[in-house]
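>>> okay, sequence plus prediction incoming.
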Amino acid sequence: MMAKNPCRLISAGVLLTRRFCTAGAASRSVRHPRLYRRLSALGATGGSAADTLNEYVNEGKVVTKLELTACIKELRKYHKFQHALEIMEWMENKKIFFNHADYALRLDLLSKTKGLAAAEDYFNNLSLSARTLETYGSLLNCYCKENLDEKALALFDEMDNLDFASTSLAFNSIMSLFMRLGKPEKVLPLVDEMKKRSISPDTFTYNIWMQSYARLNDIDGAERVMEELKRENEDKLNWTTYSNLAVIYAKARLFEKAKLALKKLEEEMGSHDRESAFPKTTNMSYLKMFQALITLNDVNGFHICFEEWKSSCSSFDVRLANCAIRAFLGWGMIKDAESTLHWAVKRSSGPLFTALDTFMAHSLKDRKIDTALRYMEEAASEVKNTEWQPAAERVTAFLKYFEEEKDVESAEKFCKILKNFGGLDSNAYRLLLQTYVAAGRTAPVMRKRMREDDIEIDSELEGLLQSVCPE
């Protein structure tokens, strides 16, 4: 019998999710806590993995390859890629045997820490015997993550010629690439090709296949995939499938169907033992639930889900904190959003510029310029190189406000912040000059400043300069 209040179904699912996630995380914890604890603390202490391992061995402790591999995978799971790579480099220096999976993992870590070129060099320098399905697949995944479709498709063809495209893994990578490139229609022929080759789709294949239909606004198509999955590969049907379907329905505003899918998610999780319910990750399951609850506009259910994640998560994931902040601000729950930011600061080693950017955008919308500027300064202080810049519409909103207020000093302060991370462009200068004009102020060195910043002076900028900095 259907519950009278559908939101209670979701809330019950949230509590159930917590029980499974917590148990799963506990069962998968590394079984060498002393070594892992030292290695995982390197982010805070600033040491190197090699020094830590040498110190550990010098204390008379034995380190096995199995332990090291487990530490690498654990660090990688928590995005501590540099330290994971340092362990592999230490292993190589100690002449510890690498198998094909190790080579593939090292290639992936190189891509994440030193860039794609380093990963390509590593692959090209591998012996022919080490260029296996695993290492080819790892490089293919790197290309797909970077949206390099030409390189990815060329490598896929090469893998195909070597009979390395005989599993769902390579096809899944290409499908993910097409989805990221906004070409969901190209997923369907790949599924057909898999069937022609008698390659069995896995759970990921079915999920992305359903997503491709949803992106094409074909909900019936997504439902046909689900029916095929139930009919032909029921062993591939798990909680991720129902979570995926719930999000698809929610985005299509089919809220009753979304709630039914979440109810099936509860049932699916309840029918498995605790270890198998979440074989890999807990954060992704919460993220899916977050997305569905936000789309359903279930504020209470989301709040419960978020609090459960906070109390049970074994690793902090900034994506979930950012998602919560956006949701709370969208619902006008400012204190909850601020509390989430403060909690994230305590849990994360940073950066949090995406969350700060969200607060900045919200403050701009409410015309709380001083508050928005403070958030921007905080975001700028966390940025390295050019990993974040305020969006063009945010820059325009700031400078338009300063122009209206004839506030040259604040406009200059803002432009100084922009310059620190390479965001001071011709549009920003145009708006700055307009602020000077509105305030009736001049700036004798403005023309020189613009030349030093490599700003091309077009006719509009020249007209403004005639007022602000006449020659």
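Yep, it's here.
>>> residues touching residue 131, list them.
Residues counted as contacts of residue 131 (CB atoms under 8 Å, 6 or more residues apart in numbering) are residue 123. To be clear about C-beta, it is placed using only N, CA and C from the backbone, and glycine gets the same treatment.
>>> so which elements touch the helix or strand where residue 338 lies?
Remark: residue 338 resides in helix 334-347, with elements defined by DSSP states H and E. Packing contacts for helix 334-347, counted by 3 or more CB pairs under 8 Å, 6 or more residues apart in numbering; DSSP states H and E, involve helix 299-312, helix 318-330, helix 353-365.
>>> do that again at 10 Å, thanks
helix 299-312, helix 318-330, helix 353-365, helix 369-382 (3 or more CB pairs under 10 Å, 6 or more residues apart in numbering; DSSP states H and E).
>>> which of those has the lowest mean pLDDT?
Per-stretch mean pLDDT for these is lowest at helix 299-312 (a mean of 82).
>>> how far off centre is that helix?
20 Å (CA atoms, centre = their mean, to the nearest Å).
>>> quick check: buried residues in that helix?
299, 301-306, 308-310, 312 (16 or more other CB atoms under 10 Å).
>>> same deal with stretch 252-259?
Those would be 255, 257-259, for stretch 252-259 by 16+ other CB under 10 Å.
>>> do the same with stretch 143-158
Here stretch 143-158 shows 143-145, 149, 151-152, 155-156 as buried, counting by 16+ other CB under 10 Å.
>>> same question, stretch 457-467
Buried residues in stretch 457-467, counted by 16+ other CB under 10 Å: 461, 464-465.
>>> need the residues you listed in CSV (columns: distance to residue 370).
Formatted as CSV, the buried residues of stretch 457-467 follow (distance: CB to CB, whole Å):
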residue, distance to residue 370
461, 29
464, 26
465, 29
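>>> keep only those of those residues that are in helices.
Among these, the ones falling in helices (DSSP state H) are 461, 464-465.
>>> what's the closest of these to residue 251?
For these, the residue nearest residue 251 by CB to CB is residue 461; the value is 43.2 Å.
>>> how close does that closest one sit to residue 407?
Plainly put, residue 461 is 21 Å away from residue 407 if you go by CB to CB, to the nearest Å.
>>> go on, residue 394?
Applying CB to CB to residue 394 and residue 407 gives a distance of 17 Å.
>>> now do residue 425
Residue 425 is 21 Å from residue 407, by CB to CB.
>>> same question for residue 373.
11 Å.
>>> the more surrounded of the two?
Higher neighbour count among residue 373 and residue 407: residue 373, with 20 against 17, using other CB atoms under 10 Å.
>>> identify the residues contacting the spatially most central residue of the chain.
By CA atoms, centre = their mean, the chain has its centre lying nearest to residue 319, at 6.2 Å. By CB atoms under 10 Å, 6 or more residues apart in numbering, the contact set of residue 319 is 283-284, 286-287, 290, 354.
>>> between the residues you listed, which is closest to residue 323?
residue 290 (5.0 Å).
>>> how far away is that closest one from residue 243?
Taken as CB to CB, the span from residue 290 to residue 243 is 11 Å.
>>> of these two, who's got more company?
residue 243 (27 against 21).
>>> perfect, that will be all.
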